[in-house]
Every structure is written in structure tokens, then in C-alpha cells.
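A.B. asks: Kindly generate the corresponding structure for this input.
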Amino acid sequence: MSVDLESLAEATSGAIGSLLSTTILYPLDTCKTKYQAEARAHGHQKYRNLSDVLWEAISSRQVLSLYQGLGTKNLQSFISQFVYFYGYSYFKRMYLRKSGSKRIGTKENLVIAAAAGACTAIVTQPLDTASSRMQTSDFGKSKGLLKTLTEGTWSEAFDGLGISLLLTSNPAIQYTVFDQLKQRALKNQRNSVDRGSSPVSLSAFMAFFLGAISKSVATVLTYPAIRCKVMIQAADNEEKPTSKSQKKSRKTICGVFCAIWQREGLLGYFKGLHAQILKTVLSSALLLMIKEKISATTWVLILAIRRLLLLPRGRVKNQ
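C.D. replies: A predicted model of the protein is given here:
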């Protein structure tokens, strides 16, 4: 079976970009996740602001706990971005090849991105659930990946899969907006340079800027579902359910939506939106910026590796 090397290069550069951006912004991600996961009970809130999470870590001398679950998150992030970028690039090329079109329309792009996102969600859901539980555990009390995954049933490892599939619309919107903005930016650059000059590419600043805009649009549109997903996957640190039915309702989309409405009202669906935008915009912008900068290098390395792997065969034939 032949491998689509261009899709492989896209997937590898996207995965490396995701790994670096996740590591750089992980303390912010931990604060955001713990802040989102808390539901107001009887008018009481432990975290009134995002900074309260940070000050809790500092005051309890658990600053390093802001990195709890980093290894799991990096593994999940690397695999998910690799699967997503490979699937997105592969589905896009397959569509162009079979349809005979030279360009992909906005609607087709959304469908392709959603299909790639669905594949990613199914493959990485257990790691996503484990990383959320590790982040929302009390500081200094996070369990390892294996223990986190094995302490419950196998079905619990897929908590939030339904809402993760629903949230495939987030990267679908994000990358569709980014691709459209990128095409316009490159078109403007081509019009301003000579035909004989080298191929144009996005600058680091432009890739960062376009990535920030595209992720902001996707985040605002899908945020209520994002918060519900965090609450479904969160570790049970505070209010323990008194019955199995109560615990089951906390793990369903309808149960979480109703709980937020009863405890926090309409604004509860948007609690932590500013933190989500700050984190995801910076993360996605860094990811896309790094990916744009290393994609050419990754392509050259993959071609070099392929050449090295095929070289011995050629020598054997010559002998």
C-alpha cells in the first residue's frame, strides 16, 4: 500500500506544532480546565476568577502541579493532530482526485474537516478523558495515566465521546476559516511580487494572526458544548453523587446542560469563555505558525528518509 507522503508531511508538521504549543501553554490550560469544571453550588464558588486557580497552586506550594497530566496531554495532542492533519489532507486530496475539481468549496471543506475530526475524536477519546481528569484532580493528587484509565470501566474512558463528535464542528470551522484567509493572503502576496520570484508563503506573524482569528470564531460558536465536555470528563473532587442515577446524569450532555441551567443560569454556559479564547487562540496560533514554518523542512526530511530506505534495494538490484 502506497503512502501519501504529502499528507504524511502535513500530519507530522501539525503534530510537532501541537506538541510544542501544548507544552508552552500547559499551565494556562490546567487553570482554565479547573476553572471551567467547577459548577457553582448553593451560591458558593471556589474559583471566582481564573487567577484564583493559579494562586491556589502558589499558596499550597504546588506550582509544579500545574503540569500534572502534561505527558498524557502531549501524547493525546500529538496523536490527535497527526490523525487530524493526515485525515484532513488525505480526504482533501481524495476529493480533488475523484471530483476532478481544482478547488474545494467552503461546504465541501467543512465536511472534510468534520470527517477528519470525527476520526480523531474516536481514536484519542480515552487519552482526552484521562488528561481532563488529571488536570481537574486536586493539586498534588493526580494519578498516572494507567491508573486513571483503569480505575473505572472501559466505557467511562469514552466519557464525552458524543459531545466530542459534536465538537468536530470546532476544528472544521477553524481550519476552513484559516484556509480561506490564507488563500486570500497568499493571493494578495502573489499579486504584489514578480512572477519569476520564489513561491510565496505566510510569514510567522501572518500565520499567527490568521490562526488567532480562525480559532476565535470557532471557539465562540461552540463554547457551551466545550464547557459541558469539561464537566463531563472532570474528576469527581467536590460533590460526590449520592446514587448511581445521579452519577449517570452528570455524565450525559442533557444532565450537564440542565445542571448548569439550574445552578448558574444562561451565563453559566459561557463561564470561562475568556480563558478558553486566550488559551485556544494562543495554542492554535502557535500550532499553525510552527506548522507553516516547519512544513517545508518536514517534507524534505521525509523525502530524504524515503530515499535512504529505497537506496539499499537499488544497490541490491545493481549487484
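
A.B. asks: Pull the number of nearby residues for Leu70.
C.D. replies: Neighbour count for Leu70, taken as other CB atoms under 10 Å: 19. C-betas here are computed from N, CA, C, even on glycine.

A.B. asks: how about it, what does it touch?
C.D. replies: Contacts for Leu70 were tallied using CB atoms under 8 Å, 6 or more residues apart in numbering; they are Thr23, Tyr26.

A.B. asks: now it: how far from Gln189?
C.D. replies: Going from Leu70 to Gln189 by CB to CB, to the nearest Å gives 38 Å.

A.B. asks: where does this protein have low pLDDT?
C.D. replies: Counting by pLDDT under 70, the chain has low-confidence residues at 1-4, 6, 40-44, 193-200, 237-250, 311-319.

A.B. asks: can you give me the helices in it?
C.D. replies: 5-24, 26-37, 50-59, 70-99, 106-136, 145-150, 161-166, 169-192, 204-233, 244-250, 253-264, 273-318 (DSSP state H).

A.B. asks: Burial-wise, tell me which of the ones you listed comes out on top.
C.D. replies: helix 26-37 (a mean of 23; mean count of other CB atoms under 10 Å).

A.B. asks: now that helix: how far from the chain's centre is it?
C.D. replies: 14 Å (CA atoms, centre = their mean, to the nearest Å).

A.B. asks: got the contact list for that helix?
C.D. replies: 22, 47, 50-54, 66-70, 73, 132, 135-136, 226-227, 230-231, 234, 271-272, 275-276, 278-279, 282-283.

A.B. asks: Then stretch 156-175?
C.D. replies: Applying CB under 8 Å, 6+ apart, the contact partners of stretch 156-175 are 84, 88, 109-110, 113-114, 116-118, 120-122, 125-126, 128-130, 132, 149, 214-215, 217-219, 221-222, 225-226, 228-229, 232-233, 251, 253, 284.

A.B. asks: How far does that stretch sit from its chain's centre?
C.D. replies: 10 Å.

A.B. asks: and what of stretch 154-166?
C.D. replies: 15 Å.

A.B. asks: contacting residues for the nearest residue to Phe270 once chain neighbours are set aside?
C.D. replies: Spatial nearest neighbour of Phe270, excluding adjacent residues (CB to CB, 6 or more residues apart in numbering): Tyr223 at 6.0 Å. Tyr223 sits next to Tyr269, Phe270, Leu273, Gln276 when contact means CB under 8 Å, 6+ apart.

A.B. asks: dump the residue contacts of the first one.
C.D. replies: Translated: Tyr269. Taking CB under 8 Å, 6+ apart as the contact definition, Tyr269 lies against Tyr223, Pro224, Arg227, Ile260.

A.B. asks: Wait, the third one touches Ile260, no?
C.D. replies: Yes: under the criterion of CB atoms under 8 Å, Arg227 lies in contact with Ile260, with a separation of 7.5 Å.

A.B. asks: one step back: what's the most distant pair in the contacts of Tyr223?
C.D. replies: Using CB to CB, the two most remote members of these are Tyr269 and Gln276, lying 11.9 Å apart.
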